[in-house]
Structures are given as C-alpha cells and as structure tokens.
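K.L.:
Just to be clear, the model below is a prediction. Sequence and coordinates:
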Amino acid sequence: MTSLTTLLSKWPLVRQIRERADGTGLEAMSDKTRATHARIDDAQVARSICPYCGVGCGQLIFHKDGKLISIEGDPESPISRGHLCPKGADTYELHTHPGRLKRVKYRRPHSRRWEQLYLETAMDMIADRVWESRERTFQETRDGEPLMQTTAIAHLGGATLDNEENYLIKKLFTAGLGMVCLSNQARI
C-alpha cells in the first residue's frame, strides 16, 4: 500500500489537490518534466549573421564540446529581432544534414561518369582555368587607350555571400583580374 501511496503522490493531479494549487506552477510538473532541460543549456554561444540573402539577420550559434547544437534567431539583432526566414531557420540543417555533400562531383570532358574530388583539388583546377582564360583573353589596350579587362570570365555570386564578401569579390575580380561581368543572384 505504501508503494501505491508513493506512486499516487508523484502524480501531478494528486499534488495539485493536496496542495490546493491552481495547477499552473511546479505542482503541475512530473519529476521527469522537472528534470528536463533545454539542449542549449551549458552551450557556448557565438553571434553570427545569416549566410543567405545579405539582409544581415542576426543568428545565435550554440555549440558544446566542438559540436554544433542549434542555430536560432538573435533577439538582440536590430534587423531581425530574433526572427529568421525559412532559409535562415534551416541554417542548422545546412551544416548538419547527413546527406550534405562533402566532396566535389566532377565530370571530365566527354566522360559519362562523375568522380569525386577533394575540395582542394577542385579549387586548384578552377584557379588554373581562371588564370589560363585571363591570360588568353586579357586586353590591355583598345585603340591605344588603356582597357585592362577580360570579358571571357564571369562571376555570379550566391545568396549565401554577405555584403563584405561581395565587396571583396568585386575588388579582387575587377581590379585584380580585370573581370567586368559580375553580378549576384540576390539582386536578380
């Protein structure tokens, strides 16, 4: 009988009746509920900006023991005030989804199959091709006037680039490489 009494005393309804409480406080919680805590408890927080459209919505990045725990809107952000659009709210999954590709897929010219390359290998291939195209098509002058451009290479930035990255890309590609065909899909 004692074990039944102990069991019943743990039931929130019995506690509410016994303590004459209104059922909106701690008496309404089971022991299991009281022991539950948020997954972000004891996590370190880093402030960041959403990687998508360039509006600059604030994000809080929660991490614990070198592992990403959660990404949420930053309520102190003057831009988003803690709210994120559907893309921004999915930033956590962008980083943690098991189906996320971690190697580059490449199909050689005239090949019928895809092969996987390490990112460093793919980046070296791209750099070599950009430099070769620039060297082959770069115009220093036109009609005796300085031109310093190439129209053989273009760049279309993505929505994951922030304003600072777009600024640096613009400077590198126009002043450094002489590219004149630059745009960003967030503008389109």
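P.N.:
Structure received.

K.L.:
got the buried residues for whichever helix or strand Ser70 is part of?
P.N.:
Assigned by DSSP states H and E, Ser70 belongs to strand 67-73. Under the neighbour-count criterion of 16 or more other Cβ atoms under 10 Å, strand 67-73 has 69-73 buried. Every C-beta, even on glycine, is put in place using the N, C-alpha and C of the backbone.

K.L.:
Kindly report the same for stretch 97-110.
P.N.:
Neighbour-count burial for stretch 97-110 flags Val104 (criterion: 16+ other Cβ under 10 Å).

K.L.:
Which residues does it contact?
P.N.:
Residues from elsewhere that reach stretch 97-110, judged by Cβ atoms under 8 Å, 6 or more residues apart in numbering: 94, 113-119, 121-122, 125.

K.L.:
mind checking how far that stretch is from the chain centre?
P.N.:
With Cα atoms, centre = their mean, to the nearest Å as the basis, stretch 97-110 stands 19 Å off its chain's centre.

K.L.:
Report the secondary structure state of Val45.
P.N.:
strand (DSSP: H, G, I helix; E, B strand; the rest coil).

K.L.:
Which residues are in contact with it?
P.N.:
Applying Cβ under 8 Å, 6+ apart to Val45 gives the contacts 60-62.

K.L.:
Show me the shaky parts of this structure.
P.N.:
Counting by pLDDT under 70, the chain has low-confidence residues at 1-2, 12, 20-21, 23-28, 54, 159-160, 186-188.

K.L.:
So what touches the longest helix along it?
P.N.:
Looking across the chain with DSSP state H, the single longest helix is helix 119-137. Helix 119-137 is contacted from outside by 103-104, 106, 117, 150-153, 177-178, using Cβ under 8 Å, 6+ apart.

K.L.:
go with 6 Å
P.N.:
With contact meaning Cβ atoms under 6 Å, 6 or more residues apart in numbering, helix 119-137 is reached by 104, 150, 152-153, 177.

K.L.:
Same question for stretch 32-41.
P.N.:
Residues outside stretch 32-41 that contact it (Cβ under 6 Å, 6+ apart): 62, 69-70.

K.L.:
Let me see the contact set for the residue nearest in space to the middle of the chain.
P.N.:
Closest to where the C-alpha atoms of the chain average out (Cα atoms, centre = their mean) is Thr91, at 4.2 Å. The contact partners of Thr91, by Cβ under 6 Å, 6+ apart, come to Ile71.
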